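Undergrad: return a 3D structure for these sequence lines:
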Amino acid sequence: MDEGRVRVLHVPGGHGYVANIQDERVPEVLVVPEPRAATPGWAPSPALDAAWVEANAAAFDVLHLHFGFESRTPDQLREWLAALRRTGRAPVLTVHDLQNPHLDDQRPHEALLDVLVPGVDALVTLTPGAADEVERRWGRRPVVVAHPHLAPPAEIGVPRPRREEAVVGLHLKSLRANLRALPALRTLTAAVDRLPGTRLRVDVHAEALADGFVRHDPDLLRWLRAAQGRVDVRVHDRFDDDELIAYLRELDVSVLAYGHGTHSGWLELCHDLGVPVLAARTGHLHQQRALVQVDLDDEDDVVAGLRRALAGFEGAAATREERAAERLRVAEAHRDLYRRIAGGGA
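TA: Purely as a prediction, here's the structure:
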């Protein structure tokens with residue numbers, strides 16, 4: 001501990017969620033910069049290596065793991081936890097994903113959780129339902145702490161523009177494994193056709209349509225080409241943060257066509273910007289933020305859900321004041337947890 005402050009190393013350190021579980025009104029937590037990987041492009045954090053922990057343990061009191069451990073093996077994570085134990089450092093895991101949205105086969109992800117969940121000093125998750133699931137599977141109850149805002153405070157609570165034509169948006173991004181693109185598109189197109197004055201907009205990253213892309217779907221490509229004129233299809237590179245906010249402000253409903261998952265950062269950003277969300281009944285989204293959930297294979301259910309979303313519903317939009325108060329609570333909850341385990345009270 002540094003002058004009464006707990007020194008916390010977050011992995012990864014550069015994620016928006018991680019930045020916003022901290023707050024200047026909670027100065028008792030000192031965030032330690034995450035080490036940079038030596039190789040260009042994405043690589044697992046050096047802080048997930050047992051040798052790095054042994055060499056750098058004096059720099060931090062708590063190591064808080066969030067994401068980015070999927071390339072580690074169970075044995076590597078066991079070695080990493082053992083290094084933290086030997087050096088007297090306290091590991092924390094936030095269970096964001098009980099199901100990895102980037103994987104079809106969940107067995108590798110579950111094998112890593114089987115090491116991490118029993119092995120860390122403390123657990124956090126975002127919803128009571130996820131905490132219940134962790135407790136059923138591993139016999140440990142995480143602390144439940146809400147997901148903080150993701151949009152910059154100045155963007156939260158800004159009134160959405162009024163449009164003569166309502167826009168329902170589905171962003172396919174780069175065809176993540178948990179996305180049920182074609183089934184959702186077929187149902188949404190038919191549903192939107194039944195809603196006068198409503199347009200379906202479909203965005204997709206250009207890389208996803210290239211022949212050599214790892215998740216290239218020729219059936220989807222054919223569908224998108226055939227839908228031109230009936231559906232507003234837009235192909236482009238990945239949005240940066242400002243472009244993503246601008247895109248969401250152009251929607252009246254954002255659709256999440258997830259086939260599996262646990263929580264959603266996209267849902268949080270929509271909440272910040274006041275964009276109603278319609279999603280399939282997956283994971284614990286319903287406990288995270290207010291949204292409309294439907295069976296995305298049932299056209300009638302989707303029509304009814306879109307009508308509810310377009311009409312607006314309580315809790316769809318955050319206010320700046322609510323998010324500021326929530327961020328303080330989130331930061332205080334993490335501070336209290338860090339103090340407890342750094343002081344040997346795990």
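
Undergrad: low-confidence ranges, the chain, go.
TA: Residue ranges of the chain with pLDDT under 70: 1-3, 38, 40-42, 344-346.

Undergrad: mind naming the longest strand for it?
TA: If you go by DSSP state E, the chain has its longest strand at strand 198-205.

Undergrad: that one: what's the following helix or strand?
TA: Sequence-wise, the next helix or strand downstream of strand 198-205 (DSSP states H and E) is helix 218-227.

Undergrad: just give the number of residues close to residue 240.
TA: 9 (other C-beta atoms under 10 Å). All C-beta atoms are positioned from the backbone trio N, CA, C, and that covers glycine.

Undergrad: show me this protein divided up by domain.
TA: Split into domains by automatic domain parsing, the chain comes to 6-146+325-342, 153-317.

Undergrad: and the strands in the chain?
TA: Using DSSP E, the strands found in the chain span residues 6-11, 29-32, 62-65, 90-95, 122-125, 143-144, 166-171, 198-205, 232-236, 253-256, 277-280, 292-294.

Undergrad: do a quick rundown of the helices in the chain.
TA: 16-20, 50-56, 74-86, 107-119, 128-138, 181-193, 218-227, 241-249, 265-273, 285-288, 299-311, 320-342 (DSSP state H).

Undergrad: ok, and the closest non-adjacent residue to the residue positioned nearest the centre of the chain?
TA: In the chain, the residue lying closest to the centroid (C-alpha atoms, centre = their mean) is residue 265, at 3.3 Å. Spatial nearest neighbour of residue 265, excluding adjacent residues (C-beta to C-beta, 6 or more residues apart in numbering): residue 150 at 6.1 Å.

Undergrad: wait, isn't that neighbour in contact with residue 267?
TA: No. Using C-beta atoms under 8 Å, residue 150 makes no contact with residue 267, being 9.7 Å away.

Undergrad: okay, the two: which has more neighbours?
TA: When neighbours are counted by other C-beta under 10 Å, residue 150 and residue 267 differ, and residue 150 comes out ahead with 25 against 21.

Undergrad: quick one, what contacts that one?
TA: 16, 17, 20, 265, 268, 269, 272 (C-beta atoms under 8 Å, 6 or more residues apart in numbering).

Undergrad: okay, now the last one: neighbour count?
TA: Residues within reach of residue 272, counting by other C-beta under 10 Å, total 26.

Undergrad: gap between it and residue 311?
TA: Distance, residue 272 to residue 311, using C-beta to C-beta, to the nearest Å: 21 Å.

Undergrad: now the third one
TA: As defined by C-beta to C-beta, residue 20 lies at a distance of 30 Å from residue 311.

Undergrad: the more surrounded of the two?
TA: Neighbours per residue, other C-beta under 10 Å: of residue 20 and residue 311, the larger number sits with residue 20, 21 against 9.

Undergrad: could you find the closest non-adjacent residue to the more buried one?
TA: Spatially, and ignoring its direct neighbours in sequence, residue 20 is nearest to residue 148 (3.9 Å; C-beta to C-beta, 6+ apart).

Undergrad: next up, the contacts around residue 239.
TA: Residue 239 neighbours (C-beta under 8 Å, 6+ apart): residue 247.

Undergrad: which ones are touching residue 301?
TA: 294, 295.

Undergrad: measure it to residue 341 for me?
TA: From residue 301 to residue 341 the distance is 45 Å (C-beta to C-beta).

Undergrad: likewise residue 278?
TA: 39 Å.

Undergrad: neighbour count for these two, which is higher?
TA: residue 278 (24 against 19).

Undergrad: surely the more buried one is in contact with residue 256?
TA: Yes. The criterion here is C-beta under 8 Å, and residue 278 meets it with residue 256 at 7.4 Å.

Undergrad: against residue 121, how distant is residue 283?
TA: Counting by C-beta to C-beta, the separation of residue 283 from residue 121 is 26 Å.

Undergrad: if you count surrounding residues, which of those two has more?
TA: Using other C-beta under 10 Å, the more surrounded residue of residue 283 and residue 121 is residue 283, with 24 against 21.
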